[in-house]
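>>> Fold the following and give me the result.
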Amino acid sequence: MAQVLRFGIAGLGVASNQILAAFGGRPHLQVTAAADVRKHALEVFSRAYEAEAYERVEEMAKSPNVDAIYVCTPNHLHCEHVITAANHGKHAIVEKPMVLTLEECERMNEAAERNGVHLLCGHTHSFDPPIKRMREIVKSGELGKLGMIQSWFFNQFMYRPRMPHELDAMVGGSVVYYQGPHQIDILRLIAGGMVRSVRAMTGTWDPARRAEGAWCAYVEFEDGTPATSVYNGYAHFDTAELTYWIGEGGQPSDPESNVKTRKRLVEVDDETALKERQRYAGGGEGYGRGGERQHQPFFGLTIVSCEHGDIRQSPDGLSVYGDEGKYEVPVPLEARGRQAELEELYRAIAEKRPVFHDGRWGEATLEVVLGIMQSARDRREIFMSHQVPSPDD
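Predicted structure coming up:
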């Protein structure tokens, strides 16, 4: 393995701004190519990175200057592009949701295994250091047996600018597909991975945006541990009010963010044009860049309850409420999110380590996400059959 892992980026959309930023300060990771349907974006990219530019992912996958492909194309194209990468001997990181069906998951995993390449499923907040530290405390048994987990997030997701396909559940345009993998990965990681069943309802409350914008799910693990997964993206209450006004990226959160987001969307004449401005080389500032990260990220509020204490995140680590009182567990500001994904894949290749969030883990998470959707449609409990344990078990 060479000292540098060379990446091609499949899709120069909104997410690519954050992905490209994650390479900063990591000389062992290099961006050498990109593929996109927008010629202008490719021209800007090629000049900025002195890298190869392609209009088709398949052509990029043939390049001898690419070792791995980060797939951040629209959800319904993930399967095709991961398989293309694998068939050309390229490792892959795929954005959440992994894909839209379990059958496609199987095809992706089989392609990676057949070609001897790594498949990593991201990006989710289970990569965040505080969540991993919660898992370590639970696994150690220092607070006794795990009792239950609650993970809730209220924000303005539904009123961020959207392309038409992003509000079409048939191609993965639902808040359950887009944001469900975050919460389900958090719950699965902390509780050991093995979900038994899910019972859920979803909400579609805005006639102008006909896609699920909220859900409430009861998740039961094989060992009997219960958990709740609650998400509301309709821009009223914001759980940042309960998390020290620190947002998803670890930066200070604006108390008026929900109101401002709604107002901006109502006032704009062309939502698609506004979304375009947030894509790579779209002429705007991009989405989610924000200021310098100051604290640990908060994907809403997660509370872990054990026999002898409760755990929740604090700005710089964890707050533990034990039998003898409250104490703080500091967690260093280290690689998280897409940074952690890149590092994980690099270590897997360079140091022969197993991939933590591999394709089978991603398939198990998607099974729960699909279970939320099916449970809401059928109004019944949905049982799981593709679960795998947390990688450190």
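>>> what ranges do the strands span in the stretch 201-350 of the chain?
With DSSP state E, counting those that start in this stretch as the definition, the stretch 201-350 of the chain shows strands at residue ranges 214-221, 226-232, 301-306, 309-314, 317-322, 325-330.
>>> want to throw the ones you listed into CSV with distance to residue 340, mean pLDDT and mean neighbour count?
Every C-beta, even on glycine, is put in place using the N, C-alpha and C of the backbone. Formatted as CSV, the strands of the stretch 201-350 of the chain follow (distance: least, C-beta to C-beta, whole Å; pLDDT from 0 to 100; neighbours: other C-beta atoms under 10 Å):
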stretch, distance to residue 340, mean pLDDT, mean neighbour count
strand 214-221, 24, 98, 21
strand 226-232, 22, 98, 22
strand 301-306, 17, 98, 21
strand 309-314, 16, 98, 21
strand 317-322, 17, 98, 18
strand 325-330, 18, 98, 11
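>>> Of all those, which one is nearest residue 379?
Residue 379 lies closest to strand 214-221 among the strands of the stretch 201-350 of the chain, at 12.9 Å (C-beta to C-beta).
>>> Now do that closest one against strand 226-232, angle only.
Here strand 214-221 points in a direction 170 degrees away from that of strand 226-232 (axes from the mean of the first three to the mean of the last three C-alpha atoms, to 10 degrees).
>>> Which residues does strand 214-221 contact?
175-176, 180, 184, 187, 191-192, 194-203, 205, 226-234, 368, 372, 375-376 (C-beta atoms under 8 Å, 6 or more residues apart in numbering).
>>> just stretch 386-393 next, same as before
Stretch 386-393 has contacts (C-beta under 8 Å, 6+ apart) with 102, 105, 135, 139, 188-189, 191-195, 222, 354, 356-358, 360-361, 363-364, 367.
>>> Direction-wise, compare the strand or helix carrying residue 152 with strand 214-221 and give the angle.
Assigned by DSSP states H and E, residue 152 falls within strand 146-154. Put simply, strand 146-154 runs at 170 degrees to strand 214-221, going by the same axes, to 10 degrees.
>>> what's the average pLDDT for the next helix or strand after strand 146-154?
Downstream of strand 146-154, the next assigned helix or strand under DSSP H and E is helix 175-191. For helix 175-191, mean pLDDT rounds to 97.
>>> okay, residue 385: pLDDT?
In this model, residue 385 is scored at 98, pLDDT.
>>> Report the distance from stretch 86-98 to the chain centre.
Here the centre of stretch 86-98 is set off from its chain's centre by 15 Å, with C-alpha atoms, centre = their mean, to the nearest Å.
>>> In PDB, could you pull the C-alpha coordinates for it?
Provided in PDB are the C-alpha atoms of stretch 86-98 (Å, rounded to 0.1, in the frame of the first residue of the first chain):
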ATOM      1  CA  ALA A  86     -15.800  -2.600  -6.800                       C
ATOM      2  CA  ASN A  87     -15.700  -4.100 -10.300                       C
ATOM      3  CA  HIS A  88     -12.700  -1.900 -11.100                       C
ATOM      4  CA  GLY A  89     -10.900  -2.800  -8.000                       C
ATOM      5  CA  LYS A  90     -11.600   0.400  -6.100                       C
ATOM      6  CA  HIS A  91     -12.500   0.700  -2.400                       C
ATOM      7  CA  ALA A  92     -15.600   2.700  -1.700                       C
ATOM      8  CA  ILE A  93     -17.200   5.000   0.900                       C
ATOM      9  CA  VAL A  94     -20.900   5.400   0.300                       C
ATOM     10  CA  GLU A  95     -23.000   8.200   1.700                       C
ATOM     11  CA  LYS A  96     -26.100   7.400   3.800                       C
ATOM     12  CA  PRO A  97     -28.500   6.000   3.100                       C
ATOM     13  CA  MET A  98     -26.400   3.100   1.900                       C
END
